[in-house]
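J.: predicted model, plus sequence, below.
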Amino acid sequence: MSLAAAHAAPPNLMPLPAKWSAAPGGLAIDSRFRAAATGYTDARLEHALARFVARISRQTGVAITGAPGGRTALTVECRERGPEYPTVGEDEAYRLDISADGARLQAATVTGALRGLETFAQSIAPGAEGFAAAALHIEDRPRFPWRGLMLDVSRHWMPVEVVERNLDAMAAVKLNVFHWHLSDDQGFRVESTRHPRLQQFGSDGNFYTQAQIRGVVEYARERGIRVIPEFDMPGHATSWLVGYPEVASAPGPFRIERAWGIFQPTLDPTREETYAFLDDFIGEMAALFPDPYFHIGGDEVEETEWKESAAIQAFERVHNLPDSRDLHGYFNRRLQEILKKHGKTMIGWDEVLAPGLAPGTVIQSWRGQASLADAARKGYRGILSFGYYLDHLKPASFHYAMDPLDGAAGQLDREQTARILGGEACMWSEYVSAETLDSRIWPRLAAIAERLWSPREATDVDSMYARMTAVSRVLDAAGVRHRANYAPMLERLAGGGPVEAVRILADASEALGIEGRRGARKYTSLVDLNRFVDAVRPESESIRTVEAAAARVAAGQAAGPADRAELCVTLRAWAENDARLEPLAEGNALLAELRPISRRLSALGSMGLRAVEYLESGQAAPEGWLEQQNQALAALEKPGAEVTLAAVRPVRLLLEALTRRSQQTGAAQAMEKRR
Ligand code: ACM
């Protein structure tokens, strides 16, 4: 529970701290601001302080130079180093006190101090006398020790700088695990010196050198983030086999897969050569990645090659492995011995849960809390990813409502519950490029970060959205480009013409996720992601504002004439937008596909304006009008050009209010007649 009065709006922090109280005023952020460690310090903390000062300089535009004459406004009192490399369950707690006189951050460990610095950065906003950190008292610690993001760099290649800026943003919302999905059918993304044909034949030249990997691991460590590599096997492994067909279950030859789905090429679990290869390869990777956990994938294993191979079928009979599931289990047990030899603990997707799995294994559930609960009952630890798939482009509120301890996991006893370590959001990269990635992750990932860090009772969706809107801007200063890339992508579509009409349509739209784009056209990893849908956001922030205004107008609670006027300005802009977009679309294929949804947005604008008129005048809509509009709305809601019009939502609110009014009037008239 918050220390503050229940009615006080929480500060614009995300994740919400375990305990907080706010006071009026704050600490001025000016050019003389200094932050200094006054307790334990080391290179990791000093680097963090330097980054912190640069960051709040960017956030405020205040040149904090560090030149003599400054005042130490923030002291960081750290008791001890804590683990040098971030560790599951390490102490991440901190206390933060900010007042007009100064700020004091206390933490047992450097990692705790890192978390507290992020809270301080988020607390800064313009105040009566310029930028200030809000006066706050905070006592904070995470609910779950494992809070991550999985990033697929196989379907689409993500250069090091893309990874690094996302690590900065992860640190800003206190995430502590970067799960790097480094191999799949569409690409093998790590340099192996022992098996160089992996990257030479499996990557189109897009792979991380070992020096780059070490650099990213260190970058993450400095920010209190663990790095877990995933090499998906025995399925999702086509890219391995292009260079090493000898460890495949079928003769090959193989080529890098360009499409999406579940493919047949699979490592051969029956041959000792496969295990010798994996022993060597995992040994090399184990030395490169210091984290004790090593992800072996294990999902969606296609059995066709196993069924079609006489040798593999004979092996199953000899080893008493009745079916492919048992053979997969055998493979995992062998793999587990290899991992153990190299000092690693196995983590795998749901499908690896089978008899004989070593104790200590971590199950990552993409299928739901039921399989997480099943694993926990059998003594395995687990993390939840079901419900945290960012590539589905669902609203932040959807992810926010998903708790690792919901559903079947809610039935576990204390000991079993303790095995559920947290969760990871998943960013599969079928429909993202280095340019669009950030807007598919941020700011929605902040809502998942809050679910995993903050007390379970933090469930107020309006509060979450209000804070997420603010934190989304802070993330700009952390370096991610979810907002920065939007305008340039739209301008590129407009080809140098006036962009306003494209922007109005984009602001009113939401991009479809993987489910909606599948089948829309023939996508592969070679298709450019430069269309309107790629620029459009998963969730429209501006429509949220319009919805709030429409709700007030619909309830007859407009915050004055300006509120209503603003809503009408937006609706009128929609109504007139198609006439502005049409000339731009002429001869521009990238805009021409928008014609149908552009016409629909204008229809929505006109409909909304009429609805506001009826609502405000108290005049009844003509007979049948509401019915017609509701039918039209259903058609306007259908996707086009792989986006949907979020603008439907506020207009629906207005129509619903009119429907309620007409029902009330009807009921009153009926009463009148009866009398
Ligand atoms: C998965 O989504 N196949 C892990």
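T.: On my side now, so go ahead.
J.: what is the neighbour count of A358?
T.: A358: 14 surrounding residues under other Cβ atoms under 10 Å. Placement of C-beta: from N, CA and C, glycine included.
J.: which residue does the stretch 301-450 of the chain have closest to the ligand?
T.: W366 (4.1 Å; Cβ to the nearest ligand atom).
J.: which residues touch that residue?
T.: Residues near W366 by Cβ atoms under 8 Å, 6 or more residues apart in numbering: 299, 349-350, 385-386, 389, 426.
J.: try 6 Å this time
T.: Contacts for W366 were tallied using Cβ atoms under 6 Å, 6 or more residues apart in numbering; they are 349, 385-386.
J.: possible to save the residues you listed as CSV with pLDDT, distance to the ligand and neighbour count?
T.: Formatted as CSV, the contacts of W366 follow (pLDDT from 0 to 100; distance: Cβ to the nearest ligand atom, whole Å; neighbours: other Cβ atoms under 10 Å):
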residue, pLDDT, distance to the ligand, neighbour count
W349, 98, 5, 23
S385, 98, 7, 25
F386, 97, 9, 20
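J.: any weak-confidence spans in the protein?
T.: Across the chain, the ranges flagged by pLDDT under 70 are 1-8, 675.
J.: quick check: residues of it near the ligand?
T.: 299-300, 349, 366 (Cβ under 6 Å from any ligand atom).
J.: whichever residue of the stretch 101-250 of the chain sits closest to the ligand: which element?
T.: Evaluated by Cβ to the nearest ligand atom, the stretch 101-250 of the chain has H236 as its residue closest to the ligand, separated by 7.8 Å. Assessed by DSSP states H and E, H236 sits outside every helix and strand.
J.: then Q631?
T.: Here Q631 sits within helix 625-636, counting by DSSP H and E.
J.: now do the strands in the stretch 351-500 of the chain.
T.: 362-365, 381-384, 420-427 (DSSP state E, counting those that start in this stretch).
J.: which one of these lies closest to G116?
T.: Closest to G116 of the strands of the stretch 351-500 of the chain is strand 420-427 (Cβ to Cβ; 20.0 Å).
J.: okay, buried residues for that closest one please.
T.: Using 16 or more other Cβ atoms under 10 Å as the test for burial, strand 420-427 gives 420-427.
J.: for it, list the C-alpha coordinates in CSV.
T.: Listed next in CSV are the C-alpha coordinates belonging to strand 420-427 (Å, rounded to 0.1, in the frame of the first residue of the first chain):
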residue,chain,number,x,y,z
ILE,A,420,7.7,-18.6,-10.4
LEU,A,421,10.4,-16.1,-10.9
GLY,A,422,8.7,-13.5,-13.0
GLY,A,423,8.3,-13.0,-16.7
GLU,A,424,9.6,-11.9,-20.0
ALA,A,425,8.0,-9.9,-22.8
CYS,A,426,8.7,-11.3,-26.2
MET,A,427,9.6,-9.3,-29.3
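J.: so which elements touch it?
T.: strand 146-152, strand 381-384, helix 444-453 (3 or more Cβ pairs under 6 Å, 6 or more residues apart in numbering; DSSP states H and E).
J.: save these as a markdown table, and put in mean neighbour count and distance to K522 too.
T.: What follows is these, written out as a markdown table (neighbours: other Cβ atoms under 10 Å; distance: least, Cβ to Cβ, whole Å):
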| stretch | mean neighbour count | distance to K522 |
| --- | --- | --- |
| strand 146-152 | 26 | 20 |
| strand 381-384 | 27 | 33 |
| helix 444-453 | 27 | 28 |
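J.: whatever residue of the stretch 201-350 of the chain ends up closest to the ligand in helix, strand or coil?
T.: Distances between the stretch 201-350 of the chain and the ligand by Cβ to the nearest ligand atom are smallest at D299, namely 3.8 Å. Recorded secondary structure, D299: coil (DSSP: H, G, I helix; E, B strand; the rest coil).
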